[in-house]
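1. Whatever this is, show me its structure:
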Amino acid sequence: MTIPKAQTVACVDNPRPDATLEIRRDAPVPQPGAGEILIKMEYTGFCHSDVHNIKGDLPVSTNIPGHEGVGRVIQVGPGTSSDYIGKRVGIKWLYSACNTCPICKTGRYTNCPNQRNCGRHVPGTFQQYVVSPAEWASPIPETLKPEAVAPLLCAGLTMYGALKKLDKFCQKGNWIVLMGAGGGLGHLGIQIGKEMGYNIIAIDSEPKRDICMKSGAAAFIDFREDAEKRVKELTGDGFGAHAVVVVVGVERAYDQGVTLIRPTGTVVCVGLPRIDYHIPISPLFCVDRGYQIVGSAVGTEDELQALLKLAEAGKVSTHYEVFDFDKVNDVMEKLVKYEINGKAVLRLPE
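-> This is a model prediction of the structure:
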């Protein structure tokens with residue numbers, strides 16, 4: 001196909017609390033270097049972490065957000081196999097890791113201190129054409145709709161990775177609480193957790209009850225209720241949940257979540273509150289009750305491919321709404337107000 005010189009992007013030159021995205025139609029199309037591929041984007045998810053970047057809550061070194069992109073390879077760089085041409089691939093938050101540091105050598109490259117993140121360190125997926133290292137682009141099955149896959153590349157993978165960490169601490173049939181279960185990540189986490197054999201207790205606001213129950217939650221609790229009492233009743237033995245996964249970046253979710261775990265229970269941190277917030281749990285409780293506090297950043301490529309197999313089998317599906325690219329600021333406003341049910345997906349211009 002003919003590759004143009006200019007492309008359409010959505011960008012923000014000065015991230016700040018009142019920032020909005022500017023749509024430009026004269027941005028240069030990037031060129032792939034050695035070991036890289038050029039992808040014509042089809043769809044991209046719009047994640048809450050993108051909002052944080054745009055609003056200046058987190059440090060960024062690129063003006064193009066986005067990290068849940070799906071498209072086709074249209075060009076390869078020098079020394080890169082032409083077999084990539086025409087393949088559908090996904091671009092994720094983890095753009096690349098060094099593969100040489102002590103952290104990477106343990107296999108936990110999602111925590112690599114030298115990693116580069118899409119939409120944070122390198123131009124993201126809010127553009128028509130994206131360059132990626134070939135080895136870090138994820139193959140996407142042709143049987144799946146690209147607009148449905150986009151949210152799985154971050155939201156779905158983040159939940160799969162977080163729940164997979166419970167392998168060390170939980171057993172099938174255990175009770176797992178998801179704080180913020182009705183959002184873009186949470187409704188996927190319910191489905192994934194159920195497939196892993198857990199009983200999922202969904203906690204969110206009352207309007208999210210329907211999506212949580214339809215996603216397969218064993219029970220729903222409005223966060224305004226006495227959640228500690230309800231969780232202890234549901235788990236049957238009066239001790240509380242075996243684990244709590246805090247999906248939403250709200251301080252109250254962490255404040256409430258740590259009250260719900262039983263002795264030897266686990267809290268998995270996923271949602272990002274303000275940077276100076278600290279989880280309200282004392283070392284004495286950690287010692288006496290044997291708590292585990294675990295952080296989880298996205299997931300590995302193996303975990304993504306396992307998730308995509310669940311999607312192919314119809315066991316995990318994204319509740320999403322597609323918006324035209326020029327509606328990007330309207331979508332951001334909805335995300336800020338938590339008015340999106342499920343995930344927001346942007347359709348890139350042809």
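2. Residue 197 belongs to a strand, doesn't it?
-> No: using DSSP: H, G, I helix; E, B strand; the rest coil, the assignment for residue 197 is coil, not a strand.
3. Give me the neighbour count for it.
-> Residue 197 has 11 neighbours, counted by other Cβ atoms under 10 Å. C-beta here means a position set from N, CA and C on the backbone, and glycine is covered the same way.
4. just residue 223 next, same as before
-> With other Cβ under 10 Å as criterion, residue 223 counts 19.
5. and if you look at the one 5 residues further on?
-> With neighbours defined by other Cβ under 10 Å, the count for residue 228 comes to 14.
6. how much space is there between it and residue 153?
-> As judged by Cβ to Cβ, to the nearest Å, residue 228 and residue 153 stand 35 Å apart.
7. Equivalent analysis for residue 261, please.
-> Distance from residue 261 to residue 153, by Cβ to Cβ: 30 Å.
8. more neighbours, those two?
-> residue 153 (30 against 24).
9. Correct me if wrong: the more buried one contacts residue 89.
-> No: the criterion here is Cβ atoms under 8 Å, and residue 153 misses it with residue 89 at 10.1 Å.
10. which neighbours do the two share?
-> Common contacts of residue 153 and residue 89 (Cβ atoms under 8 Å, 6 or more residues apart in numbering): 70, 138.
11. Count residues in the vicinity of residue 174, would you?
-> Residue 174, neighbours per other Cβ under 10 Å, totals 20.
12. before we move on, what about residue 144?
-> Counted with other Cβ under 10 Å, the neighbours of residue 144 add up to 16.
13. so it sits right up against residue 309, yeah?
-> No: if you go by Cβ under 8 Å, residue 144 and residue 309 don't touch, sitting 10.3 Å apart.
14. Lowest mean pLDDT among the helices and strands, pick that one out for this structure.
-> Ranking every helix and strand in the chain by mean pLDDT, DSSP states H and E puts helix 48-54 at the bottom, with a mean of 91.
15. elements contacting that helix?
-> helix 328-336 (3 or more Cβ pairs under 8 Å, 6 or more residues apart in numbering; DSSP states H and E).
16. So which bits of the helix it packs on are buried?
-> Buried residues in helix 328-336, counted by 16 or more other Cβ atoms under 10 Å: 328, 331, 332, 334, 335.
17. Those into JSON lines, with extra columns for pLDDT?
-> JSON lines is the format used below for those (pLDDT from 0 to 100):
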{"residue": "328", "pLDDT": "97"}
{"residue": "331", "pLDDT": "96"}
{"residue": "332", "pLDDT": "96"}
{"residue": "334", "pLDDT": "93"}
{"residue": "335", "pLDDT": "92"}
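18. re the thing from before, which is the next helix or strand following the least confident helix or strand of the chain?
-> Next in sequence after helix 48-54, counting helices and strands by DSSP states H and E, comes strand 69-76.
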